[in-house]
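Chemist: coords please:
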Amino acid sequence: MLHRFALAALLCILAAPLAWAAEVPVRMGDGALEDAIAGAAPGDVLILSPGRYHGPVTLSHPITLDGRGEAVIDGGGTGSVITVTGEDITVRGLEITGSGNDHQEIDSGVQLTKTARRAVVEDNRILGNLYGVDIHGANDSIVRGNTIVGRTDHRMNDRGNGVYVWNAPGAQVIGNDIRLGRDGIFTNVSRRNVFAKNIFRDLRFAVHFMHTGDSEIRGNISIGNTLGYAIMFSDRAVIRDNLSLGDRTHGLMLNYANSADITGNLIRGGTHEKCTFIYNAHKNLIAGNRFEGCEIGIHFTAGSERNGITGNAFIGNRTQVKYVGTRDVEWSLGGRGNFWSDHPAFDLDGDGLADSAFRPNDLMDHILWSQPSAKLLMGSPAVQLVRWSQAAFPATLPGGVVDSAPLARPVEIPVPPGLLADEAEAIAAAKTRKLNDADPLESH
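Modeler: Numbering: from 1, shown residues only. Below you'll find the model as predicted:
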C-alpha cells in the first residue's frame, strides 16, 4: 500500500508542471516575444497577437508557439528564424520569413537541432528562407500541413531545400505544399522516415534520398519539377501511390537503390525524357505502376537485371523499354507480366493474359541506340525488312526484355480532376522555357 502511495505521489509531482500550463497571450512590442518565451512554463501555449515580430528566436523548453495564422516572425536576414533546441516543442500557425544565407549553417525558417526530439512544425507559411525546415538529427519530429516557398535568387543547385532531413530517425513530413528552392525534401544518412501526401512544384527533385534506409514515400504529387523521385544509395524504400505529372526529365530514378517496393505509382509524361531510369539497382519490386507518355518508359542499365517487374502498364511511350544487352531478361513474375499498349496480341481464352509473349525491343533498336546516325535510315526498306524478319523468325532477335505473360488490360491510376490544369500548365511551360541551370542534374 505504501509503495502504491509513493508511486502516485511521484506521478503527481511529475505531472504538476503540465497541470499549471496555460494559454498565454503575447502582445506586440520590442522584446515581448523573447520575454514571453523566457518566462513560459513547460506546456504553455504562447498565443501571438496579429502583427510582425522580430527574430531570430530560440525555443529550448516544451512550449507551443501559436500565431493562429495572423502573426509573422521575421529573422531579419540573420541565421535561422526559429531554432528549436528542446524536446516536445510545437511551432504552429505562423508566417516565418527572413532567414540568413549561409549554407554551412543551414539557415532555415525553422531549424530543429539534434536535441529537439518530438518537435512539431505545423500549419505555418514558411516563405523566402534559404531552407524551409531543417530536421538536423531531431528524432521523431513532425513537419505537417505547411506551405513552404523557397527562393529564386540563385541558380537552382545553389538554393536550399524545402525540408532537409539529416540523421533524424522517425521524422515525418506529411501534407505540405512545397515549391521553389532546390529539392522539395532532401534526406541524407537517415532511416525510418515517412514522407506522405505532400505536393511539390517548381523544384529540382521532388524527393531526394541519399543513404536513407527503411523509409517510405507515399501518396505524394510531383508536378513540373526537373525530376520526381530520386532514390540514391538507399535500401528498402517503399514508394507507393505517388504521382509524377509533367516532370521534365525522369519521374523516378533508382541509382544504387536496392530492395525497394515500388507500387501503384503513376508517372505520366508529356515532357519526360524517361518515365523511370534504373542504374545499378537490384532486388527491387516494381509492380502495379503506370508509365505513360514518355520518350522512354523504363531505361535500365549497369547490371540492373535482377528486379521483379510485374503488373505495370506501359502506355504510349515512344520507346517502351531501353536496354542493351546480350541476355534475355524476363519481365513477368509468378505467371503475370505487364501491359504494353503496342502489343497487338489478343486474349482469346479470357484469362487476362495476352496469347503471345512480347519483346519491346528488336535488333534495330539496339543499332539505333549504339549508332544514332542510323536514324537516317528509319524509313528505308532495309530497316523494314530487318524488322519483318525478326518478327517472322524470333531466333534472330537479340537479347533484351521478354515478357512471357503480358497483360490484356492496363492498371488504371486516376488523377484528381483538380490537378489536370496544373499538369497541363507544367507541360506547356516545360516546352516553352529554358531551365535556369545549364544542367540541374550536374552533380549527379
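
Chemist: worst-scoring helix or strand of this protein, pLDDT-wise?
Modeler: Least confident helix or strand, the chain: helix 363-370 with a mean of 44, by mean pLDDT, DSSP states H and E.

Chemist: Gly175: what's it in contact with?
Modeler: Arg144, Gly145, Ala196, Lys197, Asn198 (C-beta atoms under 8 Å, 6 or more residues apart in numbering). From N, CA and C alone the C-beta is placed, and that goes for glycine too.

Chemist: Spatially, which two of those are the most separated?
Modeler: By the measure C-beta to C-beta, Gly145 and Ala196 form the most distant pair in these, at 11.8 Å.

Chemist: Common neighbours of the two, please.
Modeler: By C-beta under 8 Å, 6+ apart, the residues touching both Gly145 and Ala196 are Ile174, Gly175.

Chemist: ok, those two, which is more surrounded?
Modeler: Between Gly145 and Ala196, counted using other C-beta atoms under 10 Å, Ala196 has the larger neighbour count: 18 against 15.

Chemist: which residues does the more buried one bridge with?
Modeler: Per DSSP bridges, residues listed as beta-bridge partners of Ala196: Ile174, Arg218.

Chemist: could you point out the longest strand in the chain?
Modeler: Determined from DSSP state E, the single longest strand within the chain is strand 64-74.

Chemist: mind listing what's buried in stretch 313-329?
Modeler: Using 16 or more other C-beta atoms under 10 Å as the test for burial, stretch 313-329 gives Ala313, Phe314, Ile315, Asn317, Thr319, Gln320, Val321, Lys322, Tyr323, Gly325, Val329.

Chemist: what residues are up against the fourth one?
Modeler: Counting by C-beta under 8 Å, 6+ apart, Asn317 touches Gly269, Cys275, Phe291, Glu292, Gly293, Cys294, Glu295, Ile296, Gly297.

Chemist: show me the contacts for the residue nearest to Val84 when sequence neighbours are not counted.
Modeler: Leaving out its chain neighbours, the residue that sits closest to Val84 by C-beta to C-beta, 6 or more residues apart in numbering is Ala116, at 4.2 Å. Shown in contact with Ala116 (C-beta under 8 Å, 6+ apart): Val84, Thr85, Gly86, Glu87, Ile89, Ala138, Ser141.

Chemist: mind checking how far the last one is from Gly150?
Modeler: It refers to Ser141. According to C-beta to C-beta, to the nearest Å, Ser141 and Gly150 sit 20 Å apart.

Chemist: More neighbours: which of those two?
Modeler: More crowded of Ser141 and Gly150, by other C-beta under 10 Å: Gly150, with 28 against 25.

Chemist: pretty sure that one is touching Gly181, no?
Modeler: Yes: in terms of C-beta atoms under 8 Å, Gly150 counts as a neighbour of Gly181; the distance is 2.3 Å.

Chemist: any residues in contact with both of those two?
Modeler: Listed as contacting both Gly150 and Gly181 by C-beta under 8 Å, 6+ apart are Gly132, Arg159, Gly160, Asn161, Gly162.

Chemist: which two from those end up farthest apart in space?
Modeler: Farthest-apart pair in those is Gly132 and Arg159; separation 10.7 Å (C-beta to C-beta).

Chemist: what sits in contact with each of these two?
Modeler: Common neighbours of Gly132 and Arg159 (C-beta under 8 Å, 6+ apart) are Gly150, Gly181.

Chemist: Make a markdown table out of the contacts of Gly175 and add distance to Asn265.
Modeler: Converted to a markdown table, these look like this (distance: C-beta to C-beta, whole Å):
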| residue | distance to Asn265 |
| --- | --- |
| Arg144 | 23 |
| Gly145 | 23 |
| Ala196 | 13 |
| Lys197 | 14 |
| Asn198 | 14 |
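
Chemist: Flag the shaky bits of the stretch 151-300 of the chain, pLDDT-wise.
Modeler: 271-272 (pLDDT under 70).

Chemist: What is the longest strand of the chain packed up against?
Modeler: strand 45-48, strand 51-54, strand 90-97 (3 or more C-beta pairs under 8 Å, 6 or more residues apart in numbering; DSSP states H and E).

Chemist: For Met28, find the nearest of those.
Modeler: So among these, strand 51-54 is nearest, using C-beta to C-beta, at 4.5 Å.

Chemist: who are the neighbours of the closest one, in terms of helices and strands?
Modeler: helix 32-39, strand 64-74.

Chemist: Take the ones you listed and lay them out in TSV including distance to Ile286, mean pLDDT and mean neighbour count.
Modeler: Converted to TSV, these look like this (distance: least, C-beta to C-beta, whole Å; pLDDT from 0 to 100; neighbours: other C-beta atoms under 10 Å):
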stretch	distance to Ile286	mean pLDDT	mean neighbour count
helix 32-39	49	95	15
strand 64-74	42	98	20
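
Chemist: Columns distance to Ser404 on top of those, output as TSV?
Modeler: Shown next, in TSV, are these (distance: least, C-beta to C-beta, whole Å):
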stretch	distance to Ser404
helix 32-39	66
strand 64-74	58
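
Chemist: so which of these gets nearest Ala345?
Modeler: strand 64-74 (57.8 Å).

Chemist: doesn't Ala421 fall inside a helix?
Modeler: Yes: note on Ala421: a helix contains this position according to DSSP: H, G, I helix; E, B strand; the rest coil.

Chemist: any idea how far it is from Leu180?
Modeler: Ala421 is 19 Å from Leu180, where distance means C-beta to C-beta.

Chemist: Compare the two (neighbour count), which wins?
Modeler: Between Ala421 and Leu180, counted using other C-beta under 10 Å, Leu180 has the larger neighbour count: 19 against 9.

Chemist: contacting residues for that one?
Modeler: So Leu180 contacts Val149, Gly150, Arg151, Thr152, Arg159, Asp202, Leu203 (C-beta under 8 Å, 6+ apart).
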